[in-house]
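*Asks:* pasting a predicted model and its sequence here:
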Amino acid sequence: MIRYFLALLSCCFSLIAYGENYQTILVDEAHIGFSRPDNSDPPPYVISPGPAVIVLASNYAIEVPKEFGVTAPNSIHLVMGNNQKYKVAWRGNGNRHELSKSTLRPLPGSIPFRGFRSGDTAIIAIGFDHTGITPGKDNVLSAMWLGMIKVQ
């Protein structure tokens, strides 16, 4: 019984340690990539190389333009190059959204996600993915929030 408990405890600690390696991006106004009143560029999120990033929007309300005709985002898209485009479902503010090999689905023509490597630049977009909803708009995202990631 003690061996079982120690094995379970060891497993739990390794999962926690693994999760701690994931850097967190907090969705906020400061990093939004749309036009700014002073025409300045927003700062990028600067991260270290790693297998995944966690996206949180706990304290930020994503504005949904009326002309989109939807009530909320449903997807996060990650673009790292012409053959590196991915998406994962958006489950709402306050939820943890993991961008990793196990969660990101490659868009057509993309290679499997390989993690965040030194020198990479990525665009992260939260919005409404029309796939399976709007005819002729598969993998088209109406973006509501954009940000840039630079990997050192």
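*Replies:* Cool, got the structure. Residues are numbered from 1 along each chain as shown.

*Asks:* okay, and the beta partners of Gly127?
*Replies:* Ser75, Ala143 (DSSP bridges).

*Asks:* and it, how many residues sit next to it?
*Replies:* Counted with other CB atoms under 10 Å, the neighbours of Gly127 add up to 24. (Each C-beta comes from the backbone N, C-alpha and C, glycine too.)

*Asks:* let's see the pLDDT reported for it.
*Replies:* Listed pLDDT for Gly127 reads 97.

*Asks:* and Glu67, that's in a strand?
*Replies:* No: counting by DSSP: H, G, I helix; E, B strand; the rest coil, Glu67 falls outside a strand, being helix.

*Asks:* residues touching it, list them.
*Replies:* With contact set as CB atoms under 8 Å, 6 or more residues apart in numbering, Glu67 has no partners.

*Asks:* and stretch 61-69, how far out from the chain's middle?
*Replies:* 19 Å (CA atoms, centre = their mean, to the nearest Å).

*Asks:* quick one: terminal-to-terminal distance for it?
*Replies:* With CA to CA, to the nearest Å as the measure, stretch 61-69 spans 17 Å from end to end.

*Asks:* and if you look at stretch 82-102?
*Replies:* 21 Å.

*Asks:* isn't Ile126 right up against Ala57?
*Replies:* Yes: here Ile126 reaches Ala57: they are 7.3 Å apart, a contact under CB atoms under 8 Å.

*Asks:* tell me, what's the model's pLDDT at Trp145?
*Replies:* For Trp145, pLDDT reads 96.

*Asks:* check for me that it belongs to a helix.
*Replies:* No: applying three-state DSSP, one finds Trp145 to be strand, outside a helix.

*Asks:* can you give me the strands for the protein?
*Replies:* Counting by DSSP state E, the chain has strands at residues 23-26, 45-47, 53-56, 75-81, 84-89, 97-99, 105-106, 121-129, 141-151.

*Asks:* can you name every helix or strand that the first one contacts?
*Replies:* With contacts defined as 3 or more CB pairs under 8 Å, 6 or more residues apart in numbering; DSSP states H and E, strand 23-26 has these neighbours: strand 45-47, strand 53-56.

*Asks:* all good on my end, thank you.
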